[in-house]
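Asker: sequence first, then the predicted structure, then my questions.
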Amino acid sequence: MPAFGNEFETPALPYTDAVKAKTDHLYARVAKFIPEFEWRLHAPYIAAINDLKKEKNAVILAHNYMTPEIFNCVGDFAGDSLQLAKEAAKTDADIIVQAGVHFMAETSKILCPDKTVLIPDPKAGCSLASSITGADVRLLKQKYPGAPVVTYVNTTADVKAETDICCTSSNAVEVVEHAAKEFNSDTVILIPDQYLAKNVAAMTDVKIVTWAGSCEVHERFTADDIRELRAGNPGVIVLAHPECPPDVLAEADFAGSTSGMSNFVREKQPDNVVLITECSMSDNVAVENPDVNFVRPCNLCPHMKRISLPKILASLQTLEHKVEIDPDVIERARKPIDRMLALPLTRQSMYDHRRAPEVAAVETRG
Ligand code: 13P
Ligand code: SF4
């Protein structure tokens, strides 16, 4: 068996002439990132998954943090959390396989309760989603009566069910301002990411109450890391995700959602760029931008990395692991997602630090 950690848990499928014929055009996309000996292990899974998708009328929604062989070779739709939610809402497939983490699969199930939604590894969690419960949100609402609750999509269905409107990092500033206006409140509860909340607070006059949650991947970057990167790579353009702490964003040239970063590289074509985010992002953006050089410090998201080709294939074969949510929770959790999707947002949220990223309070349990 190849030394692939626990990714290929069953004996590898054979690389045959038929597999080669079905996958050569896909290898052309990723050949720069995947050596041929490794491709011969991936290709049989890619061929089998793509055949099974057609047979079962299934689609795969692939987050920007998926590894290149998933993102480029089996994903039908790729993007950030907001784009994947939009695709889930409009697909006419019978089965959705979420190549991402569990909260994303829950979002798809909430939007498509009659479809089969599969998560190839149910343990693919998220430190933000696990930081807060529906009961925590009920207590926050008691403490700040009248303040609307804006919840980052990186949360469980139970938390969404207690929410007025959802947001993602690509629309958080606009959603917060909209919620303050609609609820006629100078304060908005924006949970559970304290760093996203602080980064939003730097962009708005709305008072923000937040929660002490954080992303275990982005919180590890420091302002010193960015200064060292610039010293070692003169002229490099630094793009950061708004889940990073504010002092990291203050050192960056641009901050935006995963798709915001991707669009920046496509439009500006910098000579040398660094994406301060999860590792697979650079590989996936590089496929589309062959003339851009990527400096690659990164942190792995262990949850995203639980999703692999063998697990996607097994999921399609066995229809495991189905995402199931109580119908009453689905009904309540759907409203804040629908409200977000219905907003006429015409641009991506921008983040910078012309003002201090001060929030009114960072709440914790108990
Ligand atoms: P995006 O909405 O930017 O894709 O972020 C999701 C996520 O989990 C980032 O860590
Ligand atoms: Fe959650 Fe962070 Fe992983 Fe995104 S990168 S899924 S926010 S732990």
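Answerer: Happy to help now that I have it. Ligands and ions are numbered 1, 2, ... in the order given.

Asker: and the strands in the stretch 1-150 of the chain?
Answerer: 58-63, 77-79, 95-99, 116-118, 149-152 (DSSP state E, counting those that start in this stretch).

Asker: would you format those strands as JSON lines with distance to G232, mean neighbour count and mean pLDDT included?
Answerer: To be clear about C-beta, it is placed using only N, CA and C from the backbone, and glycine gets the same treatment. Formatted as JSON lines, these follow (distance: least, Cβ to Cβ, whole Å; neighbours: other Cβ atoms under 10 Å; pLDDT from 0 to 100):
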{"stretch": "strand 58-63", "distance to G232": "29", "mean neighbour count": "25", "mean pLDDT": "98"}
{"stretch": "strand 77-79", "distance to G232": "31", "mean neighbour count": "20", "mean pLDDT": "94"}
{"stretch": "strand 95-99", "distance to G232": "33", "mean neighbour count": "28", "mean pLDDT": "98"}
{"stretch": "strand 116-118", "distance to G232": "43", "mean neighbour count": "22", "mean pLDDT": "98"}
{"stretch": "strand 149-152", "distance to G232": "33", "mean neighbour count": "28", "mean pLDDT": "98"}
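
Asker: what is the neighbour count of the closest residue to T277 other than its chain neighbours?
Answerer: Using Cβ to Cβ, 6 or more residues apart in numbering and skipping the chain neighbours, the partner closest in space to T277 is H241 (4.4 Å). H241: 29 surrounding residues under other Cβ atoms under 10 Å.

Asker: related to what we said a few turns ago, can I get the strands of the stretch 1-150 of the chain in JSON lines with distance to G125?
Answerer: Formatted as JSON lines, those follow (distance: least, Cβ to Cβ, whole Å):
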{"stretch": "strand 58-63", "distance to G125": "14"}
{"stretch": "strand 77-79", "distance to G125": "21"}
{"stretch": "strand 95-99", "distance to G125": "13"}
{"stretch": "strand 116-118", "distance to G125": "16"}
{"stretch": "strand 149-152", "distance to G125": "15"}
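
Asker: so which of the ones you listed is nearest I34?
Answerer: I34 lies closest, by Cβ to Cβ, to one member of those: strand 58-63, at 15.7 Å.

Asker: counting contacts, what elements does the closest one pack onto?
Answerer: Counting contacts by 3 or more Cβ pairs under 8 Å, 6 or more residues apart in numbering; DSSP states H and E, strand 58-63 is packed against helix 36-56, helix 68-73, strand 77-79, helix 81-90, strand 95-99, helix 102-111.

Asker: tell me which of these lies nearest to ligand 1.
Answerer: helix 81-90 (3.4 Å; Cβ to the nearest ligand atom).

Asker: next, the buried residues of that closest one.
Answerer: S81, L82, Q83, L84, A85, E87, A88 (16 or more other Cβ atoms under 10 Å).

Asker: can you redo the helices and strands packed on strand 58-63 as JSON lines with distance to V153?
Answerer: JSON lines is the format used below for the helices and strands packed on strand 58-63 (distance: least, Cβ to Cβ, whole Å):
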{"stretch": "helix 36-56", "distance to V153": "25"}
{"stretch": "helix 68-73", "distance to V153": "19"}
{"stretch": "strand 77-79", "distance to V153": "13"}
{"stretch": "helix 81-90", "distance to V153": "5"}
{"stretch": "strand 95-99", "distance to V153": "13"}
{"stretch": "helix 102-111", "distance to V153": "6"}
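
Asker: which residues of the stretch 201-350 of the chain lie near ligand 1?
Answerer: C215, E243, S257, T258 (Cβ under 6 Å from any ligand atom).

Asker: now those residues in TSV, with neighbour count and secondary structure?
Answerer: TSV is the format used below for these (neighbours: other Cβ atoms under 10 Å; DSSP: H, G, I helix; E, B strand; the rest coil):
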residue	neighbour count	secondary structure
C215	24	coil
E243	29	coil
S257	26	coil
T258	26	helix
